[in-house]
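**Q** below are the sequence and a predicted model; questions follow.
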Amino acid sequence: METDLETKPDISYKSAGKFEETRFEKIHNEIFRNSTEASIIVAQEIAQLIRSKQEKGKSCVLGLAT
């Protein structure tokens, strides 16, 4: 079964643009088509983070809001 998620979107943090108003804090947001898509992409990001930390011999600490 082929899905659109096979080409993983880049959801990494991007700073505010050159002409964007920056006197207020900017919160990084991503909009997904549905909760299933969001769950899969976020799980992939977390798994990749854990793997990259393990390769470097470091611990990975996740702070998950409820």
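**A** In hand now; what should we look at?
**Q** now residue 39: which helix or strand?
**A** helix 35-55 (DSSP states H and E).
**Q** which residues are contacting that helix?
**A** The contact list for helix 35-55, computed with Cβ atoms under 8 Å, 6 or more residues apart in numbering, reads 4, 5, 8, 9, 11, 30, 32, 59, 60, 62. For the C-beta atoms, the positions are set from N, CA and C on the backbone; glycine is no exception.
**Q** change it to 7 Å
**A** Residues from elsewhere that reach helix 35-55, judged by Cβ atoms under 7 Å, 6 or more residues apart in numbering: 5, 8, 9, 11, 32, 59, 60, 62.
**Q** residues of it that come out buried?
**A** For helix 35-55, burial by neighbour count (16 or more other Cβ atoms under 10 Å) applies to residue 41.
**Q** excluding chain neighbours, what is closest to the spatially most central residue of the chain?
**A** With distances taken as Cα atoms, centre = their mean, residue 11 lies nearest the centre of the chain, 4.5 Å away. Closest residue to residue 11 apart from its sequence neighbours, by Cβ to Cβ, 6 or more residues apart in numbering: residue 30 at 4.9 Å.
**Q** that neighbour - how many residues pack around it?
**A** 11 (other Cβ atoms under 10 Å).
**Q** hang on, the earlier thing: list the contacts for the residue nearest to the centre of the chain?
**A** Residues counted as contacts of residue 11 (Cβ under 7 Å, 6+ apart) are 30, 41, 45.
**Q** ok, 8 Å please
**A** Applying Cβ under 8 Å, 6+ apart to residue 11 gives the contacts 30, 41, 42, 45.
**Q** assign the first one to helix, strand or coil.
**A** In terms of secondary structure, residue 30 is coil; the call rests on DSSP: H, G, I helix; E, B strand; the rest coil.
**Q** for residue 59, see how far away it is.
**A** Distance from residue 30 to residue 59, counting by Cβ to Cβ, to the nearest Å: 26 Å.
**Q** could you measure from the residue lying closest to residue 28 once chain neighbours are set aside over to residue 57?
**A** Once flanking residues are discounted, residue 28 sits nearest to residue 13: 5.0 Å by Cβ to Cβ, 6+ apart. Here the criterion is Cβ to Cβ. By it, residue 13 lies 25 Å from residue 57.
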